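Chemist: Pasting the sequence and the predicted coordinates here, then a few questions.
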Amino acid sequence: MVGTLKTITLGCKVNQYETQFVREALLNAGYRDARPGEAAEIGIVNSCTVTAESDAKSRQAIRRLVRENPEARIVVMGCYATRAPEEVTSLGAWVEVVRDKRDLPALLGSLGVVDPPAGISRFGDRSRAYVKIQDGCRLRCTYCIIPQVRPHGSSRPASEVLDEVRRLVDNGYGEIVLTGVHLGHYGWPTSGVRPSTALPHLSNLLRRIAALDGEFRIRLSSIEATEVAPELLETMRAFPEKICPHLHICLQSGSDRVLRRMRRRWTSRRFLERCELVHRRLDQPALTTDVLVGFPGETDGDFEATCRVLEQVGFSKIHAFPFSPRAGTPAAEMPDQIPRALRTQRVRHVAGLERELRERYFSSLIGRRLRVLVEADRGHPGGGRAGTACRYAPVDLPGGDYRFGQLVDVRAGEVLDGARIRAV
């Protein structure tokens, strides 16, 4: 045994995957996870910088790890470490920074990892596992700091991804979530030029994963509307039992004026047309989205336009975020910043609309077969298990001896509290 280890992850699915990769490499080299209350010799913090609040949470996590493990070597990686390395190193005498994820092999080598793994084989005690297939973003949305801290586009070799998925499925994970900083750019060359049909891209990779043996399904994480191409939808149609009929398509705003100020790549009409294509090509798909509320200069009319688009698409889940000025981005310096109270009010309005749309979509599923990933105990006096349907609906399962990670076919019985489905 080389030493004891603690890891802390903040932020997105990509960060969660990268932490697991580092953790698994260290465990394979002889480290072990520190027990509760036991001081660690190595502490890893994977930080986030998407908002100022994310920075604050990252600093809190670093300080707590330093305080609770005074003799530990503390390594901070992730987007906050890349953006503000001097701030990070000031948080403790033994704190060191990995500014670029491409430096991870050198870090692991300094910790005694002679042969870093090509991927992961486990993802904690969850029933689903995230698989990172792409990194980097070259877009320049005016509110986003991420392209500044993850500017280098890269895609993992398909053979490496396929091997990783096989390992995870063999180890009992029933759902594989493909993720990336800009997932739809999988297979794009680093120059940013759109790949030819001869190059691997997301649809090709998805087909190859879906063709693997085993009882598992695939879900895509967030994708841009411009990348929901016909070939992607045809791939999803070709493997209805393996690929979840669910897409998380980022909207951000339904106002063309605001979209231009955000420097997004479509109009609201084009976004709606792409969502209509999804509805035509797939069988009763679940569509979910992100909305950034209270962008500088957003008028009541702009906000109403966003709500109209949300309702017209019929999203079953909406991640609504109030705009938060991010130092270093153009939007932080724009005039006509929206008062916090109005931003909060608009977020609440979207939350109410989301509840209506979610219940409407869940009600449309009553009577049809759903494939559910068993994930947890229900926690009710009557017992039973709960999980997530292929169409991204929480489901209470009927009594039965289900194991975590198992995929089971049930029929949707009724909608409970407008928020989940009771299966029969």
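Modeler: Right, received. Where do you want to start? Numbers count the residues shown, from 1 in each chain.
Chemist: measure stretch 123-136 end to end?
Modeler: End-to-end distance of stretch 123-136 (C-alpha to C-alpha, to the nearest Å): 22 Å.
Chemist: quick one: it to chain centroid distance?
Modeler: Here stretch 123-136 is found 9 Å from its chain centre; the criterion is C-alpha atoms, centre = their mean, to the nearest Å.
Chemist: Report the buried residues of that stretch.
Modeler: Across stretch 123-136, burial judged by 16 or more other C-beta atoms under 10 Å covers 123, 126, 127, 128, 129, 130, 131, 132, 133, 134, 135, 136. No exception for glycine: its C-beta is placed from N, CA and C like everyone else's.
Chemist: I'd say the fourth one and residue 178 touch.
Modeler: Spelled out, that is residue 128. No - counting by C-beta atoms under 8 Å, residue 128 does not reach residue 178; the two are 11.3 Å apart.
Chemist: what do those two both touch?
Modeler: residue 219 (C-beta atoms under 8 Å, 6 or more residues apart in numbering).
Chemist: What ranges does the stretch 51-200 of the chain have for its helices?
Modeler: In the stretch 51-200 of the chain, the segments counted as helices under DSSP state H, counting those that start in this stretch are 52-68, 79-83, 85-89, 104-110, 146-149, 158-170.
Chemist: for these, which one sits closest to residue 268?
Modeler: Of all the helices of the stretch 51-200 of the chain, it is helix 146-149 that lies closest to residue 268, at 23.3 Å by C-beta to C-beta.
Chemist: Quick one: list the elements packing against the closest one.
Modeler: With contacts defined as 3 or more C-beta pairs under 8 Å, 6 or more residues apart in numbering; DSSP states H and E, helix 146-149 has these neighbours: helix 79-83.
Chemist: Any stretches of the stretch 301-424 of the chain with poor pLDDT?
Modeler: Applying pLDDT under 70 to the stretch 301-424 of the chain flags residues 379-383.
Chemist: partners of residue 42 in the sheet?
Modeler: In this entry, residue 42 is beta-bridged to residue 5, residue 73, by DSSP bridges.
Chemist: show me what contacts it?
Modeler: Contacts for residue 42 (C-beta under 8 Å, 6+ apart) come out as 3, 4, 5, 6, 26, 31, 72, 73, 75, 111.
Chemist: Swap in 10 Å and give it another go.
Modeler: Contacts for residue 42 (C-beta atoms under 10 Å, 6 or more residues apart in numbering) come out as 2-7, 22, 26, 31, 34, 69, 72-75, 111-112.
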